[in-house]
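[1] The sequence and its predicted three-dimensional model are supplied below.
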Amino acid sequence: MKDFAGKIVFVTGGASGAGLGQAKVFGKAGMKVAIADVRQDALDKAVDEIVAYGIKRSDVLALKVDLTNRAEYTAAADKVEAVFGGPPHLLIQTAGVNSFGPIEASTFDDFDWVMGVCLNHVVNGLLIFVPRMIKAYAHKTEFHVATTSSMGAFMAGSTTGPYSAAKAAVNNLMYSYADALKPYGSGATVLCPGNINSNIGNAEKFRPANLKNTGYYVSEGTMKTLGAIHATGIDPIELAEILKEGIENGRVIVLPDHNTGEQRAAQLRGQDEQIEDLCLTATEREAKSAARMAEMMKRFAPPPTNGDEKAAPPPPPMWGVPEGGEAFGQARTDLDWVDPSKKKK
Ligand code: NAI
């Protein structure tokens, strides 16, 4: 899709972070912008920001909707058609939440919340909008579907289970749509960022009341630590420009620029290696992991000294816990089957 001016974009999670950046960038490209989000206060602020970014207020439509609710999502789709005169030409599904903890500590609420937003809302949007988009636009004008996934789609971690599973599924789904939409003259793109400067570290504050029973240790302190990490992430406007380039050039996977070139190749190699490792026998895998660890120790060991040199400088700090923050990714203290080392001390 190359021409955006005068067309309609529908951005989920458009009240904050990556989605808000997308609303601004595609609005600036001349599109009428519908943003859908579950938080009214954030929507109100976002509309002001989008207008301040140079988009006409009459070209912005804010919709308060829980996107995991199919009836609400369908009503929002109807509203866009009624107000802007047709379904979106560009659907960007970006709403997402995150929660970290040992996967064996996870509750049904943890899975239902994270997969509900990160995966099910994407399915909802595709099923609600794609038939309407095909009917309205196939072979008449350009249209496209995009989703914000994550680098987490390519890797699994012991404390990111529901999120990584949802994102892996979203990627796979988008590869299917990329193929399926070709005959209609359309395409699909999945954006896979690493770290975004957004508000996702606060997501737990807005967890719905009916899904509050988490198995993870969550506190103001864990959210503060996450906030500090995300503050170092890519700027949402820059990320949206990268997505736009990807859509314009028909990329199915878009990895942000800090993941391009050598780094991107290394990441994809890492993914291949992980799959290779998982195919090995347990004994082979142990041996490979020990060899890898030994290699790493060699690389990071201080150079040999004869005692005269000044002490080697300390290694650069990893993402640390800021003042007032707490480590995240731990289990609730009362779970009696979880390894004590994985619980908050
Ligand atoms: P954010 O928290 O700033 O924005 C997400 C928005 O989704 C929020 O405004 C929230 O209210 C909305 N939302 C949550 N549940 C909803 C629901 N049921 N219905 C409607 N709206 C809902 O977070 P961010 O980081 O901008 O997240 C955007 C996407 O980027 C997510 O899919 C996330 O998984 C992905 N991502 C984020 C990364 C990061 O480092 N922040 C890294 C990689 C991917």
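    That came through, no problem. Quick caveat, the model's predicted, so the values are computed rather than measured. Numbering: from 1, shown residues only.

[2] can you map out the strands along the stretch 151-300 of the chain?
    187-191, 253-254 (DSSP state E, counting those that start in this stretch).

[3] Please name every helix or strand in contact with the first one.
    By that I understand strand 187-191. strand 144-148, helix 161-181, helix 236-248, strand 253-254 (3 or more C-beta pairs under 8 Å, 6 or more residues apart in numbering; DSSP states H and E). All C-beta atoms are positioned from the backbone trio N, CA, C, and that covers glycine.

[4] highest average neighbour count across these?
    Burial of these is given as mean neighbour count (mean count of other C-beta atoms under 10 Å); strand 144-148 ranks first at a mean of 27.

[5] got any ranges where the stretch 1-150 of the chain has weak pLDDT?
    Scanning the stretch 1-150 of the chain for pLDDT under 70 picks out nothing.

[6] still on that earlier bit, and among the strands of the stretch 151-300 of the chain, the most buried is which?
    Buried most deeply of these, by mean count of other C-beta under 10 Å, is strand 187-191, with a mean of 25.

[7] quick one: is that strand near the ligand?
    No. Using C-beta under 6 Å from any ligand atom, we find that strand 187-191 stays clear of the ligand, coming within 8.0 Å at best.

[8] hang on, the earlier thing: indicate which one of the helices and strands packed on strand 187-191 is closest to the ligand.
    strand 144-148 (4.3 Å; C-beta to the nearest ligand atom).

[9] follow-up on the earlier one: hey, least reliable of the strands of the stretch 151-300 of the chain by pLDDT?
    Mean pLDDT per stretch puts strand 253-254 lowest among these, at a mean of 94.

[10] Pairing partners for that strand, with directions?
    If you go by DSSP bridges, strand 253-254 pairs up with strand 187-191 (parallel).

[11] Residues in contact with the partner strand: which ones?
    The set of residues external to strand 187-191 that reach it, using C-beta atoms under 8 Å, 6 or more residues apart in numbering, is 1, 18, 144-149, 153, 170-171, 174-175, 177-178, 181, 239, 242-243, 246-247, 250-254, 256.

[12] 7 Å instead?
    With contact meaning C-beta atoms under 7 Å, 6 or more residues apart in numbering, strand 187-191 is reached by 144-149, 170-171, 174, 177-178, 181, 243, 246-247, 250-254.

[13] which of those residues come close to the ligand?
    Among the contacts of strand 187-191, the ligand is touched by residue 148 when using C-beta under 6 Å from any ligand atom.

[14] Near the ligand, which residues of the stretch 101-250 of the chain are found?
    117-118, 148, 150, 193, 195-196, 198-200, 203, 206, 230, 233.

[15] which ones among these are found in helices?
    residue 230 (DSSP state H).

[16] Most neighbours out of the residues of the stretch 101-250 of the chain next to the ligand, which is it?
    residue 148 (30 neighbours; other C-beta atoms under 10 Å).

[17] Tell me who's in contact with the closest residue to that one other than its chain neighbours.
    Excluding the flanking residues, the one nearest residue 148 by C-beta to C-beta, 6 or more residues apart in numbering is residue 94, at 3.9 Å. The contact partners of residue 94, by C-beta under 7 Å, 6+ apart, come to 11, 12, 13, 18, 19, 22, 148.

[18] From residue 290, how far out is the closest residue in space to the third one that isn't next to it in sequence?
    In space, and not counting its chain neighbours, residue 13 is closest to residue 95: 3.1 Å by C-beta to C-beta, 6+ apart. Residue 95 sits 42 Å away from residue 290, going by C-beta to C-beta, to the nearest Å.

[19] which one of those two has more residues nearby?
    Per other C-beta under 10 Å, whichever of residue 95 and residue 290 has more neighbours is residue 95, with 26 against 10.

[20] Kindly reformat the contacts of residue 94 as a markdown table containing distance to residue 72.
    Output for the contacts of residue 94, formatted as a markdown table (distance: C-beta to C-beta, whole Å):
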| residue | distance to residue 72 |
| --- | --- |
| 11 | 16 |
| 12 | 12 |
| 13 | 15 |
| 18 | 22 |
| 19 | 17 |
| 22 | 21 |
| 148 | 20 |
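
[21] now that we have the residues you listed, which one has the most neighbours?
    For these, neighbours tallied by other C-beta under 10 Å; top is residue 11, 33 neighbours.

[22] Residue 214 and residue 107 touch, don't they?
    Yes. Contact status for residue 214 versus residue 107: in contact at 6.1 Å, counting by C-beta atoms under 7 Å.

[23] what kind of secondary structure is the residue in the stretch 51-200 of the chain positioned nearest to the ligand in?
    The minimum distance from the stretch 51-200 of the chain to the ligand, using C-beta to the nearest ligand atom, falls at residue 96 (2.2 Å). Secondary structure, DSSP: H, G, I helix; E, B strand; the rest coil: residue 96 is coil.

[24] what sits against it?
    13, 117, 118, 148, 200.

[25] rewinding a little: relative to residue 33, which of the contacts of residue 94 is nearest.
    residue 11 (6.8 Å; C-beta to C-beta).

[26] In contact with that closest one, which residues?
    Counted by C-beta under 7 Å, 6+ apart, residue 11 has contacts 19, 22, 23, 33, 35, 92, 94.

[27] Select from the residues you listed every entry located in strands.
    Per DSSP state E, strands hold the following members of the contacts of residue 11: 33, 35, 92.

[28] what about the last one, distance to residue 124?
    So the one you mean is residue 92. 14 Å.
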